[in-house]
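Q: Turn this into a structure:
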Amino acid sequence: MEPEVRYHMLRPAEALQRRKDCPVAYVPLGTLEWHGVHNPLGTDTLQAEGLANLCAQKGGGLAFPPLYYGESRVERLVEIDSDDCQEILKAMELPSESFSPDRHPFTAREQATNYHNLLLHILAEIDSLGFKVGVLIAGHYPLVDYARAAVLHYTQRGKWMANTMVAWAFVDYQLVQDRYDCSGDHGGGWETSHIMALHRQSVDLSLLPAKGETIVGADGKLEPQDATAEFGMETLEAAAEVAIKEVHPTGLSARRNTSHTVAACEKGSGRLRAPRRQEARRLSISPHGWAGSGRGQACHGSTPTPWRAWRCGRSAKRQAGDGDRRR
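A: The predicted structure is shown next:
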């Protein structure tokens, strides 16, 4: 039986012990959006939540409640800017003006700014709870841009504050797209497999048309009719493995027991296989790029992970002494 890793489901002493063992917090980000007639409307968020739980179970740390709300509701949604948007509105029995900007109290720019500030607030809240690494997991793909911006903003802020938490953001498919040529879609076989693995009762493949026919509001290289729970769990675990290696200096094999200690987190090189690291850098999803900027570039003689960056940043501030604090 897997340990309980959801922060909001633990008693104070339980949460404290897991945080002491490994002070990493995972925050799932998602939305409410159509993903075909066969998938639940919370598909994006459910995937991010499942991946957050998996990372915490296999690598330590805690998973925070998912965020379903707050993102822009006037752009980058299948109900708004897809070829199927009118068919989706009709299927949901909604008038065509339902997603009109006039129905919202904020402009598109204001909604984007509000969401950015909300993510900063969440990172600050996690920081205040004693975590040393905060990870934003984007289930709705466009949200990774907001998450990365918030991470960069928070990291710049932290350069002038002692013991500030290190942050990182990622989206699942980009961590493993060098291994799966069907990675990433919208309600296709990739995402449908994930939901089947996590919430099998929420998927109904019998609602889909025959293979090859058009599916409203869903597409991908892998047909959803070919989705399986086994493939979904395989790809979720593959993404979790890469994420854990990026967050911690040690790998999964050294942390099969979730009662590992902080000392255990500081051992080993934690290096990914070269193809994955190169892909991560190309996509700007790895924490190494910003973690190495002014925060532990030469720590332990290797590229810093978020954990190592925090450790080195803390050491540098200690070495600076009172003179640095006076400034």
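Q: ok, now how distant is the most centrally placed residue in the chain from L175?
A: Most central in the chain under CA atoms, centre = their mean is I137, positioned 0.9 Å from the mean C-alpha point. For I137, the distance to L175 equals 10 Å [CB to CB, to the nearest Å]. (Glycine included, C-beta is placed from N, CA and C.)
Q: cool, L198 as well?
A: Taken as CB to CB, the span from L198 to L175 is 17 Å.
Q: So between these two, which is more surrounded?
A: Taking neighbours as other CB atoms under 10 Å, L198 and L175 compare with L175 leading, 27 against 21.
Q: my guess is the more buried one meets I244, correct?
A: No - in this structure, L175 is not within contact of I244 by CB atoms under 8 Å, at 10.5 Å.
Q: Okay, and the closest residue in space to D172 that isn't next to it in sequence sits in which element?
A: By the measure of CB to CB, 6 or more residues apart in numbering, the closest residue to D172 outside its immediate chain neighbours is A239, 4.2 Å from it. Assigned by DSSP states H and E, A239 belongs to helix 229-247.
Q: my read: the residue nearest to D172 touches A52, true?
A: No - with contacts counted by CB under 8 Å, A239 stays clear of A52, the gap being 11.0 Å.
Q: still on that earlier bit, the residue nearest to the centre of the chain: what secondary structure?
A: strand (DSSP: H, G, I helix; E, B strand; the rest coil).
Q: next one: the one 3 residues further on
A: The three-state label given to H140 by three-state DSSP is coil.
Q: if we can go back for a sec, which secondary structure elements does the helix holding A239 contact?
A: helix 43-59, strand 133-138, strand 166-170, helix 172-176, helix 189-198, helix 274-283, helix 306-326 (3 or more CB pairs under 8 Å, 6 or more residues apart in numbering; DSSP states H and E).
Q: pull the CA atoms of the fourth one into CSV?
A: By that I understand helix 172-176. The C-alpha coordinates for helix 172-176 follow below in CSV (Å, rounded to 0.1, in the frame of the first residue of the first chain):
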residue,chain,number,x,y,z
ASP,A,172,4.8,15.6,-18.2
TYR,A,173,5.1,14.9,-21.9
GLN,A,174,8.2,17.1,-22.5
LEU,A,175,10.1,15.0,-20.0
VAL,A,176,9.7,11.8,-22.0
